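Visitor: Here is a sequence together with a model predicted from it:
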Amino acid sequence: MKTFYAVIIVSFLSFSHIEAQITYNPGTQIPSGITIANTAGGSSNAYYSVNLTKATHNGRAAGGISIGKPNDSFDRFYLFYMHTLNNQFVGKFNIAYGGGGSIMTLTHNKNVGIGTENPDAKLAVNGNIHAREVKVDLNGWSDFVFENDYKLRSLPELETFIANNNHLPEIPNEAEVIENGVNLGQMDAKLLQKIEELTLYLIEQNKQLEKANQSIQQLQKEVSDLKSK
């Protein structure tokens, strides 16, 4: 059986003040549960408590602290370290709320999860993110479109590709996005690539329009000269 040891310092400021320290040295067996309760004004009804707990059962070794109303598993916050699960090392530190599940998880491989207990990246968020600004580092950009050796599809070729695939070249289709999500940095680069290609198409179209206008003006001049004779 694995032995846990911990030092806990708890300080609450409200109608009364409690400061407590519990120390367990290595090799000391921790009881299954310890409660520190704040009984404001000497009341016998504690309105919050701190519990130190451990669990070793069915291949699960864990321990942690819960803070909240005594004898209320719903209105409590949990700080919990899980060493093993199903006899397999997991090494997770979890912050959770009794009524709403996991809030944040830190793993032994330095991943952080918010709203998920199994983060698959350095930061994994199961929910919305509200930020003032997001910066994405990239190793390249899409200005290669303007290089002289860039092979731009002709408009007929592009039309054929769209008719056959129902999406733009180099852009993932709907099924791929639903399955794999979107890498924001790569997608921004791809969208800029398409904008730059569109700019080249417009430049070419403008050149053709200018030539057509010149031809029209030449024909109009020739017609006018014929009428004047």
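Guide: Received the coordinates, thanks.

Visitor: Can you give the distance of the helix or strand that contains Thr160 from its chain's centre?
Guide: Element membership of Thr160 [criterion: DSSP states H and E] is helix 155-165. Relative to its chain's centre, helix 155-165 lies at 35 Å (Cα atoms, centre = their mean, to the nearest Å).

Visitor: With stretch 151-162 instead?
Guide: 36 Å.

Visitor: And the contacts of the helix holding Thr160?
Guide: Applying Cβ atoms under 8 Å, 6 or more residues apart in numbering, the external contacts of helix 155-165 come out as Arg153, Leu168, Pro169, Asn173, Tyr201. To be clear about C-beta, it is placed using only N, CA and C from the backbone, and glycine gets the same treatment.

Visitor: can we see that at 6 Å?
Guide: For helix 155-165, contacts defined as Cβ atoms under 6 Å, 6 or more residues apart in numbering pick out Pro169.

Visitor: mean confidence score for whatever helix or strand comes next after that helix?
Guide: Toward the C-terminus, helix 155-165 is succeeded by helix 174-180 as the next helix or strand (DSSP H and E). Mean pLDDT, computed over helix 174-180, is 95.

Visitor: what is the orientation angle of the next helix or strand after helix 174-180 with helix 155-165?
Guide: Sequence-wise, the next helix or strand downstream of helix 174-180 (DSSP H and E) is helix 184-228. Per axes from the mean of the first three to the mean of the last three Cα atoms, to 10 degrees, the angle that helix 184-228 makes with helix 155-165 is 130 degrees.

Visitor: tell me which strands and helices helix 184-228 is in contact with?
Guide: For helix 184-228, there is no helix or strand it packs on, judged by 3 or more Cβ pairs under 6 Å, 6 or more residues apart in numbering; DSSP states H and E.
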